[in-house]
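1. need a structure here:
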Amino acid sequence: MMYRALLLGCILIGGTRVIAQDWTVALDSVMHLLAKEDFFDGQILIAEKGKVLFNEAYGDLHVDGESQTLTEDTALPVFSVGKSLTALSVMLLEAEGKLRYEDPVRKFIPELPYESVTIRHLLTMTSGLPRFLETALKYADTTTVMSNPGILDLVARHQPEAGAPGVNFQYNNANYMLLATIVESVSGLPFGTFLEQRIFQPIGMRHTQETAPFLPDSLKGKPITADHFFRPYGTGTVATTATDLFLYDQALYNGQPLSQAQLQEGFKCMRLKDGSYSNYGFGWRIVNCDTLQEVYHVGDGPGMRASFQRQLSDQQTLIYLHVGSNVYHQAVYEIVRAFRKGEPYVLPQKRLRYNIDTALYDKYTGSYLSNFGLIHISTSEGRLFLRPDAIPGKEELIPSSDTTFYFKGQNLSWEFFLNEQEEVIGFGIEGDRENMGIKQ
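-> All right, here's what the predicted structure looks like:
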């Protein structure tokens, strides 16, 4: 109640509409309160026509049990938001005549067992390639870190089946892993070095770096777990800041490092073989294929949500980096957008642990065959855990009711499905009985 009462200084609760004359002051006040209540740790930048209207950092960054205060200069992982940087690297090489978008991928990666896939297919996620992670889970040693060279060797040896290129859009990190490998093959530079020399330094992105394939110091000497044994690069392994992303945003408007005409190729929707269009360009999702008004990308990872939106029609930019937990990122993001537009919003509510009878855990334990393979449910010291097959480590399932659970740092809810006799028959996303994993 105190949390809500404190907001009265800058908002009207009930209609929950911003009433402060300067929305940036009101937003800053609310964000400080949200950070204090552990709803938000991260960075927010809002700009229009090259002018920064709002650029603030809130909360703390927690690494290996230690906390540091977040500032505007704290580099944060942005995951798939970094895909446009991988695509831009390819576009730079194309502009220099060192490759063509219609080149077959095997021209640069001859060991790849897929003959008809082109660079354009990779850029637009229309290659039909399988997910390489599934091959790694099936054949690799998941107790050791695996990056691009090892993954490619695995795929070349086991040749997982692929679909026909150009038929469907399928979001698949394998495409951008291969693009980074092509950049290395053509340029003769490690992917991170290419990014640094050709993009980060010229634009002035001083707090941005490619984090892979180097093993982070925080992992050295520690057991490899499901969170980080599979570490392809090019897929979104850049750490950066909202400020640096704004510099990148402005460089694209100002013709650096490519001209507007050259950049337009990456903002085109891909025509599929049936004549329909996919709205994924070169590392950007395109809001409207007919009128190019807005492009964006989001990045999701363990305890992280990043969003980079560029409204091209009037040069509005929104960069939202939420680190530490995925539980409240959507609710806080909606508040930020509402402040910018002067619209109503809803305050987030705390997610609590339900006081469950742990005797129920006995009927939940066992194995479930899901679309991702076998997952194993076990108990230990009065808590319930999940572990995917072939991956070391396990994550606690926190109860929200007798049959529903959630993971710390994730906003999804999961459910154990029962039949009419109250017997457990499956496990999956809450409410999605049709796609549940069947209990074995």
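2. Tell me how far residue 117 lies from residue 202.
-> Remark: distance between residue 117 and residue 202 (C-beta to C-beta, to the nearest Å) = 31 Å. To be clear about C-beta, it is placed using only N, CA and C from the backbone, and glycine gets the same treatment.
3. if we look at stretch 254-269, which residues are touching it?
-> 84, 87-88, 91-92, 95, 101, 123, 198-199, 202-203, 251-252, 277-284, 286, 289, 292, 295, 312 (C-beta atoms under 8 Å, 6 or more residues apart in numbering).
4. among those residues, which ones are buried?
-> Neighbour counting by 16 or more other C-beta atoms under 10 Å classes 84, 87-88, 91-92, 101, 123, 198-199, 203, 251-252, 278-284, 286, 292, 295, 312 among the contacts of stretch 254-269 as buried.
5. circling back to that earlier point, list the ones among the contacts of stretch 254-269 that fall in helices.
-> Taking DSSP state H as the definition of helices, these contribute 84, 87-88, 91-92, 95, 123, 202-203, 251-252.
6. can you pull out the helices in the stretch 1-150 of the chain?
-> 2-6, 23-36, 83-95, 119-123, 132-139, 148-158 (DSSP state H, counting those that start in this stretch).
7. Would you format these as TSV with mean pLDDT included?
-> Output for those, formatted as TSV (pLDDT from 0 to 100):
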stretch	mean pLDDT
helix 2-6	40
helix 23-36	94
helix 83-95	98
helix 119-123	98
helix 132-139	90
helix 148-158	96
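8. of these, which approaches residue 349 most closely?
-> With respect to residue 349, and counting by C-beta to C-beta, the nearest of these is helix 2-6 at 10.5 Å.
9. Mind splitting the chain into its structural domains?
-> 1-40+328-350, 77-325, 358-439 (automatic domain parsing).
10. Deepest in the core, which of those is it.
-> Greatest average neighbour count among these goes to domain 77-325 (a mean of 18), per mean count of other C-beta atoms under 10 Å.
11. next one: that one to chain centre, how far?
-> Counting by C-alpha atoms, centre = their mean, to the nearest Å, domain 77-325 is centred 11 Å from the centre of its parent chain.
12. Between the two ends of that domain, what distance do you get?
-> 13 Å (C-alpha to C-alpha, to the nearest Å).
13. next one: stretch 423-432
-> So stretch 423-432: terminal residues 17 Å apart, C-alpha to C-alpha.
14. how far out from the middle of the chain is that stretch?
-> With C-alpha atoms, centre = their mean, you get 26 Å for stretch 423-432.
15. export the ones in helices among the contacts of stretch 254-269 to TSV and tack on distance to residue 23?
-> Formatted as TSV, those follow (distance: C-beta to C-beta, whole Å):
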residue	distance to residue 23
84	29
87	34
88	33
91	36
92	38
95	40
123	38
202	34
203	29
251	27
252	26
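16. Of all pairs in those, which one is the farthest apart?
-> 123 and 202 (21.7 Å).
17. that older thread, so which of the domains of the chain gets nearest residue 50?
-> Across the domains of the chain, closest to residue 50 is domain 77-325 (C-beta to C-beta), at 6.0 Å.
18. my read: residue 379 touches residue 360, true?
-> No: contact between residue 379 and residue 360 fails when scored by C-beta atoms under 8 Å: they sit 10.2 Å apart.
19. mind listing what the closest residue to residue 284 other than its chain neighbours touches?
-> Excluding its sequence neighbours, the residue lying closest to residue 284 (C-beta to C-beta, 6 or more residues apart in numbering) is residue 295, at 4.1 Å. Going by C-beta under 8 Å, 6+ apart, residue 295 touches 267, 281, 284-287, 309-310, 312.
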